[in-house]
Structure formats: structure tokens, C-alpha cells
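*Asks:* Quick check, what structure comes out for this input:
(chains A and B)
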Protein chains: 2
Amino acid sequence: MRLALDAMGGDDAPRAMVQGALDYARAHPDHTVILVGRDEDLRRSLATESPLGTPTNLVIEHAPEVIGMAEKIKALKERPNDSMNVAARLVKEGKADAMILCGNTGCSVAAAQLHLRRIPGVKRAGIAAPIPTVSGQHTWVCDMGANAECRPEHLVQFGEMTAAFLEAVYQRPNPRVGVLSIGEEEEKGVPLTQETLALLKATSLNVVGNVEGHDLFKGTVDVVVCDGFTGNIALKTAEGVFEAITHILKDEIGQGGPLVKLGALLTKPAFRGLKRRAHWASVGGCPLIGVDGVTIIGHGRSDRVAVFNALGQAARCVDGKVMERLRAFFKSV
Amino acid sequence: MRLALDAMGGDDAPRAMVQGALDYARAHPDHTVILVGRDEDLRRSLATESPLGTPTNLVIEHAPEVIGMAEKIKALKERPNDSMNVAARLVKEGKADAMILCGNTGCSVAAAQLHLRRIPGVKRAGIAAPIPTVSGQHTWVCDMGANAECRPEHLVQFGEMTAAFLEAVYQRPNPRVGVLSIGEEEEKGVPLTQETLALLKATSLNVVGNVEGHDLFKGTVDVVVCDGFTGNIALKTAEGVFEAITHILKDEIGQGGPLVKLGALLTKPAFRGLKRRAHWASVGGCPLIGVDGVTIIGHGRSDRVAVFNALGQAARCVDGKVMERLRAFFKSV
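*Replies:* Here you go, the predicted model:
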């Protein structure tokens, strides 16, 4: 297993990428992590993070150019030797089994589609994002931002692809598929959601109907489809609430008396459990489903743990033969 | 001040409505609360909740019919003497200064528009929902669900009306107005958000540009406009995260040892602070802005505290002369 990691993309790149890659390479001596980025920067970062030497299964692929977090997609054409282009070519040429990109999402998605193309039959690739739920199993939302505008047939394919992904990678047979809308009744919503629901019901998927924003966290549905605009707003809203609650609680504890502060200290294991179960970093990355090659889109704010987990997510997709399964599915329809 | 409360609408009606109304009537002896609903049911509930007698400023307006939480809008025409129709007529006829409806949102919005009509010049009425932020001041999102589909000119009016509401009721001069989108850059988003931003910039509003889902909780923007589909998904997602975090934390504490449980006990004041600052019930209701008469849409799951706060919200709108201000604004444009 060879995993190509864009080491230059992400708010804390290359540091967080190098740290996560070191952890992963040490934990998985039979896998190879390919750090893609500026050779000099990566050598310096590796020397800092691992002064006693680098594991032999961690290698550098030099990519002299860099694309920043706020740049536009045209940067990909202007800098063909940036780390995203190089990582995607490694997968295209069979030199890597998967790639993990935590930089600029727009450019990451474009680089994947440019070099790897879509699986024949797939109309749009979507980002499938795992949402932590109270049941412990994640609900997967697709699309969380690759396509701001979608047609019903795109959402149907997101449902088919994400369901196949869950079956292959998480052994969840016959996943429950819902449409993100604003009421459970079939007639609620907008034309996009209404037509999507009607089309989904004509497939062999296990369709549960419309689901609402609060249903994302209950564990009562496995796959939720929506356009990338809606998905992105739901995901970022969820992150925002998590952060606001953490902030307000810290604030209240800071203003509390010594007993409240002692209580907070004693409760730490519960908060660690919450973070482990509910924070996005514990999953690490979102598959870009529909592209013809395993591509994991990581969070721009990925830290060492998130990068480690995103590498693991990529490896699971390769092991689960997601690509083979999706290619076979779209060949058969 | 006379406030008409639909006592039959809400998951815990009439109990929660009667409880909240009792609390409010006792706290505000100079205001009158009109409980609208089935006379017999309300008398029985009042006798249970307040066995020693009812404050004189709490009165019943009999409405023999009832519309359930899941009924369709046509029920309003079929049952002209249900509690929503009767409450709206009280406002229309000048017998109440405001109404508070916690039942079926679709029927509540329709009843308000049917009887009170929109302020001349207003194209769509929108529900303005307050979002708790880390700064302590709420960010108001409009529309959170009255109109699933909107055009850019509707969103511009939501911005104008919600800004005028904040100036009048919360003395927040020159509120910062943003468009809910999926990236801060102007070109990000979909045609609706792009055109809305361009139109907003041509107004005299204090426009800050696009904002994202996580910006709703930072206190860096006062008014956020979006279509009702997007707003409803953001709001329900936020509620869902709050509930999921509470659930997971309780679970972790339950599984923790005696020290963790002691810690949780000691930390209770901080959690109460969080609930007071961040839970929707602490605001209680959302103004339906643009309708020609003060209308507060409460949460279907409103409890005693939420009803009490929704009544207060209605009174603040009347005191702040929101209607007069909005009528003058749309006369001048």
C-alpha cells in the first residue's frame, strides 16, 4: 500500500502532515507514505519532527511548486508541478494507491478530476463526509461541497456511490439512504429534493425518505444526499456549534468558583471521550467519491491526529476495493 | 399590552402554554395574556397548573377547533375557528397587540399572512431566528423556514427587515448583514447568493459579505440572510449538534468512574450557564417579519420557559414599534 500525501496543503502544512505521516508510517510498517511537496521544506520538517531519523517507509516525492489555501482553480494549470498535481499523477501512473489532500478544497477536487477523471458513468464526483452520531456509527453526507449546484440525478448517484462505499469499507449492508430536506413528509422541500426522492425510490437502495438537519446526529440513517451548497452549510454549522459550545463551557468554567474548576478537571475523561467520538479530526478525511482513484479530502485545519486518520481512511478505501466496486456498479447500470 | 397565545399549538400543548402564560402573567401584571384555545381544555389545565386561582390578567378566548402539528395548510380554511385563526383575528381586529404561535409552522405562517397580510411593499415574510453566539449577542438568521424557495430580492428584504427589527427592538445600530454561503469570496456560492450579495451592496445596509456556517456562532455578524430551505437546515443541524453533544457527554459521564461523576456534579453551574446562553428555549420565539402585525413563531417543542420567553419577545416587538418602523421603511422605498 502506497499512500501519497499532499504535504504542502493545510493550514499547518507541512508540519501537521509530516507529524501525521511519521505516526502513520511507524504504526504501519507494511505501508509506504509518500510525502509530496518541496524537498527542502520536507527534509527540514522531518529533521525537526524526527531528529533521530525517518522510517524507511516514509519517502519524499519532490514537487517544487505550491498552491495556497485561497487560490483559484486556474493555479493548477499555471503550476503543473505543485504538490496536488504531482500527488494526483502518482495515483494516475499507478505509483500510489491513493492520495490524501488537506489543502484548498476547490483545487484538490479539480486536481483529482483533472488527472484521474471520473469513473465511466458517473456524472459528478461528491465529497462524502462522516458525521458523528449518538449511536457511535457515522452518518455519511454526500455532497459536502464539491458541487454547489446539483440536479436530482447527481444526488441519486451520490446515494448509490456512498452506499456502495459503506458496504465495501465499513461492511454496512443495505445502508439506509435519506434526502436532506426540511420536513419528513414527501411533499416537503424544494423541487431538487422532491425529484431526488422520487428517483431514489425507483432504485434498489434502502430509501428511508426525507431527513432533517437534526436527524444527521441520531444514527437513524447511514447515507444522506444533498447538493454541495446545502451539505457544506450543514457541516460547517455543525462544526461551528461544536466549537461554540466548547468555547462557552470553557468560559463558564473560567468564571466559576474553585469547585466548578475542580469539577471540570475531574470531568476531563468525559470530554476526551466526547472529542474522540464527535470531533471531525477523529475521522480525518472525506472520500471524493466518483473519481477514478482513491482520493481523500482532508480538513484544511487538519492536525497530526487528523492526518493520521485520513491516511487510515485512504488505506481502508484501498483495502475495501471501493474503486473496483464502483466501476463494476456503473458498468452494470 | 395584550398578547394572544395559541394555547393548542406545540408538542406539549396546552400544558406548556398554560404554564408559560401563568409565569408571564404573574411577572408582568400590566400585560394581559389571552390564551386562545378550547375553553374546557384550558380551564382544566389552568386548574391543574394553578389550583389557587388564575391571575386576572390571564384570560381565555374560546376557539373550538384545533389544528394538529402535522396537518396541511388547507386545515386553516376547513376550520376557521381553530386557535391559530382566532389568534390572528384578534390581532387583525385590534383586540390583541401581538400573537405567539408554537404549533404547526406551516399553518402558523399561513394564518398570519391570511389574516394580517404583508406590510405593503413586502414581497415575502420571513422567520428571523436568533442564534446564540460566543459573544453573547445573537446572530439573527432570516429566513429559517417560511419560504423554501426564494429569489434574491426576497433575501434583500429579509436583510432590510431584520436589520430594522434589530435596531428597533435590540437597539443595535447599523447591524452587520451577511449572506449565508459556502466561502467568503464574492464569487463563491450559487446564483441566489451571488445575486443577493450584489443587490445588498447597492442598499444602505452595512453589508459584510458572505458568511459561512461556522460564522453563525461567532458574533461577528448581526443579520444573516438565506432562503428558508438553507436556513431551516442550518438551524435544525445546530439543534441536532447541541443535543448530540449533550447526549454523548451524559453517556461518557454515565460510563465514567465515581470521580468523573463527582466532577459532573460540581460542573453543573457551568452547564446551566451553557444552557442559558446557548439553548433555543432561552430566546423562545422567532418573529415572522414582514407580516402586518407582530407574530412570534415559537418552537414546536416549547416548554414553560420557552413560552415565557416567546411572550417576552412579542412584548419587546410591540414596545419597539417594529411594525411602525417597517411600514415607514417600505413606504419610503
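*Asks:* So what touches stretch A:78-88?
*Replies:* Residues outside stretch A:78-88 that contact it (Cβ atoms under 8 Å, 6 or more residues apart in numbering or on different chains) are A:4-9, A:34, A:36-38, A:61, A:63-67, A:75-76, A:96, A:99, A:101, A:103-104, A:107-108, A:111-112, A:114-116, A:293, A:295. The C-beta positions use only the backbone N, C-alpha and C, and glycine is treated the same way.
*Asks:* so A:Val179 touches A:Cys226, yeah?
*Replies:* Yes - with contact defined as Cβ atoms under 8 Å, A:Val179 reaches A:Cys226; the gap is 7.3 Å.
*Asks:* what is in contact with the two at once?
*Replies:* Joint contacts of A:Val179 and A:Cys226 (Cβ under 8 Å, 6+ apart) are A:155, A:193.
*Asks:* And the helices in the stretch 101-250 of chain A?
*Replies:* Using DSSP state H, counting those that start in this stretch, the helices of the stretch 101-250 of chain A run over A:105-116, A:152-170, A:191-201, A:228-255.
*Asks:* how about JSON lines for those, with distance to B:Pro152 and mean neighbour count added?
*Replies:* Formatted as JSON lines, those follow (distance: least, Cβ to Cβ, whole Å; neighbours: other Cβ atoms under 10 Å in any protein chain shown):
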{"stretch": "helix A:105-116", "distance to B:Pro152": "24", "mean neighbour count": "23"}
{"stretch": "helix A:152-170", "distance to B:Pro152": "23", "mean neighbour count": "23"}
{"stretch": "helix A:191-201", "distance to B:Pro152": "18", "mean neighbour count": "18"}
{"stretch": "helix A:228-255", "distance to B:Pro152": "15", "mean neighbour count": "22"}
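*Asks:* Would you convert those helices into a markdown table that also reports distance to chain B and mean pLDDT?
*Replies:* Formatted as a markdown table, those follow (distance: least, Cβ to the nearest Cβ, whole Å; pLDDT from 0 to 100):
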| stretch | distance to chain B | mean pLDDT |
| --- | --- | --- |
| helix A:105-116 | 8 | 95 |
| helix A:152-170 | 14 | 97 |
| helix A:191-201 | 8 | 97 |
| helix A:228-255 | 3 | 93 |
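*Asks:* Now render the ones you listed as JSON lines, adding distance to B:Arg272.
*Replies:* Converted to JSON lines, those look like this (distance: least, Cβ to Cβ, whole Å):
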{"stretch": "helix A:105-116", "distance to B:Arg272": "39"}
{"stretch": "helix A:152-170", "distance to B:Arg272": "38"}
{"stretch": "helix A:191-201", "distance to B:Arg272": "38"}
{"stretch": "helix A:228-255", "distance to B:Arg272": "8"}
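*Asks:* Go through those and name the closest to A:Glu324.
*Replies:* When these are compared by Cβ to Cβ, helix A:152-170 sits nearest A:Glu324, at 8.5 Å.
*Asks:* The closest one vs helix A:228-255, what angle?
*Replies:* For helix A:152-170 against helix A:228-255, the angle by axes from the mean of the first three to the mean of the last three Cα atoms, to 10 degrees is 60 degrees.
*Asks:* Going by the annotation, which residue ranges form each domain of chain A?
*Replies:* Per automatic domain parsing, the structural domains of chain A span A:1-122+A:290-333, A:124-281.
*Asks:* Name the residues of the stretch 1-150 of chain A found near chain B, please.
*Replies:* A:70, A:132-134, A:145, A:148-149 (Cβ under 8 Å from any Cβ of the partner chain).
*Asks:* Among these, name the least confidently predicted one.
*Replies:* Minimum pLDDT across the residues of the stretch 1-150 of chain A next to chain B is recorded for A:Ala70, with 84.
*Asks:* Give the closest residue to it in space, chain neighbours not counted.
*Replies:* A:Asn104 (7.2 Å; Cβ to Cβ, 6 or more residues apart in numbering or on different chains).
*Asks:* so who does the one you found touch?
*Replies:* A:Asn104 neighbours (Cβ under 8 Å, 6+ apart): A:9, A:67-71, A:84, A:300.
*Asks:* out of these, who has the most neighbours?
*Replies:* Ranked by neighbour count (other Cβ atoms under 10 Å in any protein chain shown), the contacts of A:Asn104 have A:Gly9 at the top, with 32 neighbours.
*Asks:* quick one: the closest residue to that residue other than its chain neighbours from A:Leu76, how far?
*Replies:* Excluding the flanking residues, the one nearest A:Gly9 by Cβ to Cβ, 6+ apart is A:Gly103, at 2.0 Å. To A:Leu76, A:Gly103 is 11 Å away according to Cβ to Cβ, to the nearest Å.
*Asks:* Just the mean pLDDT for stretch A:120-131, thanks.
*Replies:* 96.
*Asks:* Likewise for stretch A:20-29?
*Replies:* 97.
*Asks:* Just the C-alphas of that stretch, formatted as PDB.
*Replies:* What follows is stretch A:20-29, C-alpha atoms only, in PDB (Å, rounded to 0.1, in the frame of the first residue of the first chain):
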ATOM      1  CA  GLY A  20       0.800  12.600  10.900                       C
ATOM      2  CA  ALA A  21       2.800  10.800   8.200                       C
ATOM      3  CA  LEU A  22       5.600   9.900  10.800                       C
ATOM      4  CA  ASP A  23       3.000   8.500  13.200                       C
ATOM      5  CA  TYR A  24       1.300   6.500  10.400                       C
ATOM      6  CA  ALA A  25       4.500   5.100   8.900                       C
ATOM      7  CA  ARG A  26       5.600   3.900  12.300                       C
ATOM      8  CA  ALA A  27       2.200   2.300  13.000                       C
ATOM      9  CA  HIS A  28       2.000   0.700   9.600                       C
ATOM     10  CA  PRO A  29       5.500  -0.600   8.600                       C
END
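*Asks:* give the contact list for the nearest residue to A:Arg89 once chain neighbours are set aside.
*Replies:* The shortest distance from A:Arg89 to any non-neighbouring residue, by Cβ to Cβ, 6+ apart, is to A:His115 (5.7 Å). Residues near A:His115 by Cβ under 8 Å, 6+ apart: A:85, A:88-89, A:91-92.
*Asks:* Please enumerate the strands of the stretch 51-200 of chain A.
*Replies:* A:58-62, A:98-101, A:126-131, A:139-142, A:176-180 (DSSP state E, counting those that start in this stretch).
*Asks:* ok, the last one: who's next to it in the sheet?
*Replies:* Using DSSP bridges, the neighbouring strands of strand A:176-180 in the sheet come out as strand A:206-211 (parallel), strand A:223-225 (parallel).
*Asks:* just the first one next, same as before
*Replies:* On the basis of DSSP bridges, the sheet neighbours of strand A:58-62 come out as strand A:32-37 (parallel).
*Asks:* residues in contact with the strand it pairs with?
*Replies:* Identification of contacts with strand A:32-37 by Cβ under 8 Å, 6+ apart yields A:1-8, A:13-14, A:17-18, A:21, A:24-25, A:42, A:46, A:57-63, A:66, A:83, A:86-87, A:90, A:95-96, A:311.
*Asks:* Likewise for stretch A:196-215?
*Replies:* For stretch A:196-215, contacts defined as Cβ under 8 Å, 6+ apart pick out A:152-153, A:155-156, A:159-160, A:163, A:174-186, A:188-189, A:193, A:220-221, A:224-225, A:234, B:232-240, B:243.
*Asks:* how about 7 Å then?
*Replies:* A:152-153, A:155-156, A:159-160, A:163, A:174-184, A:186, A:188-189, A:193, A:221, A:224-225, A:234, B:233, B:235-237, B:239-240, B:243 (Cβ atoms under 7 Å, 6 or more residues apart in numbering or on different chains).
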